[in-house]
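[1] The following block contains a protein sequence and its predicted model.
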Amino acid sequence: MTKTTDLTEIKAAARKAAFARRKAAFDARPPGAAGRLSEILAGHRGVPISGYMPIRTEIDPVPAMAEAAAYGPVGVPVIQAAGQPLKFSRWTPEGALKEGPFGAKVPVIDDYFDPEILIVPLVAFDARGGRLGYGGGFYDRTLEGLRAKRPTLAIGFAFDAQEDSDLPLEPTDQPLDMVVTESRVLSFRS
């Protein structure tokens, strides 16, 4: 086996275990899970942000996004194609949505902008800002491009149960600046 195959298999096993932990946390989720995220975003009122429309068992950032939308632009990611960075289309709580790739809802009308803060979905995270995503590299490519233009804050949003002490990471994986869970905030960069 090659090193790449080994890492691919290791990541697949890590994702499988993390999905199981996330599902259990989702099934037991407390009400108001986005409260801490709302508190963090309140300190950045007016700054262009991107959230996401939750799929499957992802923790739901929509209540925090709706609060932030009263003060500045909020967007959601729109997948353009495999191997391409994400684009972010303006979202409002009352805006019309359609089915996008992978089952995530996206705005009916494209109105793209570059966010300065990204609320990032994930499968697992570690206590150093590492993130295990779904494997498509969309957020890694996107964060790399945005960070090349200007400072961009990446906030992972997850359940506490998604923390993993031994994530299989690669040099191309973009680190998170912060992780917000239903009970705490972890900050990794000053």
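    Perfect, I can see it now.

[2] C-alpha only now, for contacts and for neighbours.
    Will do.

[3] what's the neighbour count on the closest residue to residue 168 other than its chain neighbours?
    Among residues not flanking residue 168 along the chain, residue 11 sits closest, at 6.0 Å (CA to CA, 6 or more residues apart in numbering). Residues lying near residue 11 (other CA atoms under 10 Å) number 19.

[4] mind listing the strands for the chain?
    49-50, 74-78, 87-90, 97-99, 105-107, 112-113, 117-120, 124-125, 131-132, 153-157, 178-180, 185-187 (DSSP state E).

[5] neighbouring contacts of stretch 25-37?
    Residues from elsewhere that reach stretch 25-37 (CA atoms under 8 Å, 6 or more residues apart in numbering): 57-64, 157, 159, 161, 180-185.

[6] quick one: low-confidence parts of this protein?
    Within the chain, the stretches with pLDDT under 70 are 1-5, 190.

[7] biggest helix in it by residues?
    helix 3-27 (DSSP state H).

[8] Spatially central residue in this structure, please.
    By CA atoms, centre = their mean, the chain has its centre lying nearest to residue 120, at 1.3 Å.

[9] For that one, name its beta-bridge partners.
    Residue 120 forms beta bridges with residue 156, as assigned by DSSP bridges.

[10] Can you verify my assumption that it contacts residue 52?
    Yes: in this structure, residue 120 is within contact of residue 52 by CA atoms under 8 Å, at 7.4 Å.

[11] so how far is residue 131 from the residue nearest to residue 168?
    Separation of residue 11 from residue 131 (CA to CA, to the nearest Å) stands at 11 Å.

[12] same question, residue 66
    Residue 66 is 25 Å from residue 131, by CA to CA.

[13] Neighbour count for the two, which is higher?
    Comparing residue 66 with residue 131 by other CA under 10 Å, the one with more neighbours is residue 131, at 26 against 17.
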